[in-house]
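Visitor: Here is my input; please provide its structure:
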Amino acid sequence: QEKSSTITLSEYDLNWLEKAENICKANISNTKFGIPDLADELALSERQLHRRINELTGLTPNKYIREIKLQHARELLEVGRYKTVAEVAYHISFEKPEYFSKLFTERFGIKPTMLLRK
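Guide: Next comes the predicted model:
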């Protein structure tokens, strides 16, 4: 389902993706932030946003936002900023730490607890 990594993105596309990522990161703790908000911030319709993100990343906008959240969570766990997985999950606007742990483990192949600093 994901496109091969041989896609070569133009500088414009890379800048656009960086902008999208920065918007997602700026709203990472906002549980109400979603695709309509991201589309608004990028001045696109939701349909255009879906097409553009899929074209550039091979992901749906939901999976793209989730990927940014999971990457950010991994960084937080690695630097030891939080004491529990639940704190990290809530920080990146997951309401259920168990669900966050499941997605994290599927994505990175290790449980988030293994990255917690003791």
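Visitor: hmm, who's touching stretch 20-37?
Guide: Under the criterion C-beta atoms under 8 Å, 6 or more residues apart in numbering, residues 38, 41-42, 46, 49-50, 53, 61-62, 64-65, 68-69, 72, 91-93, 95 lie in contact with stretch 20-37. For the C-beta atoms, the positions are set from N, CA and C on the backbone; glycine is no exception.
Visitor: any idea of the mean pLDDT for it?
Guide: Taken as a whole, stretch 20-37 carries a mean pLDDT of 96.
Visitor: Going by neighbour count, list what's buried in it.
Guide: For stretch 20-37, burial by neighbour count (16 or more other C-beta atoms under 10 Å) applies to 20-21, 23-24, 27-28, 33, 35.
Visitor: likewise stretch 87-104?
Guide: For stretch 87-104, using 16+ other C-beta under 10 Å, the buried residues are 88-94, 97, 100-101, 103-104.
Visitor: Quick one, which of the contacts of stretch 20-37 are buried?
Guide: Applying 16+ other C-beta under 10 Å to those flags 38, 41-42, 49-50, 53, 61, 64-65, 68-69, 72, 91-93 as buried.
Visitor: Do a quick rundown of the strands in this structure.
Guide: For the chain, applying DSSP state E gives no strands.
Visitor: Residue nearest the middle of it, spatially speaking?
Guide: Nearest to the mean C-alpha position of the chain, by C-alpha atoms, centre = their mean, lies residue 68 at 1.9 Å.
Visitor: sorry, back to before: what two of the buried ones among the contacts of stretch 20-37 are the furthest from one another?
Guide: The span of those, defined through C-beta to C-beta, is set by 50 and 91 at 26.7 Å.
Visitor: ok, back up a step: and the buried ones among the contacts of stretch 20-37, which of them are in helices?
Guide: Residues of these located in helices (DSSP state H): 38, 41, 49-50, 53, 61, 64-65, 68-69, 72, 91.
Visitor: Switch these over to TSV; also include distance to residue 84.
Guide: Formatted as TSV, these follow (distance: C-beta to C-beta, whole Å):
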residue	distance to residue 84
38	28
41	31
49	34
50	35
53	32
61	29
64	27
65	23
68	21
69	17
72	16
91	11
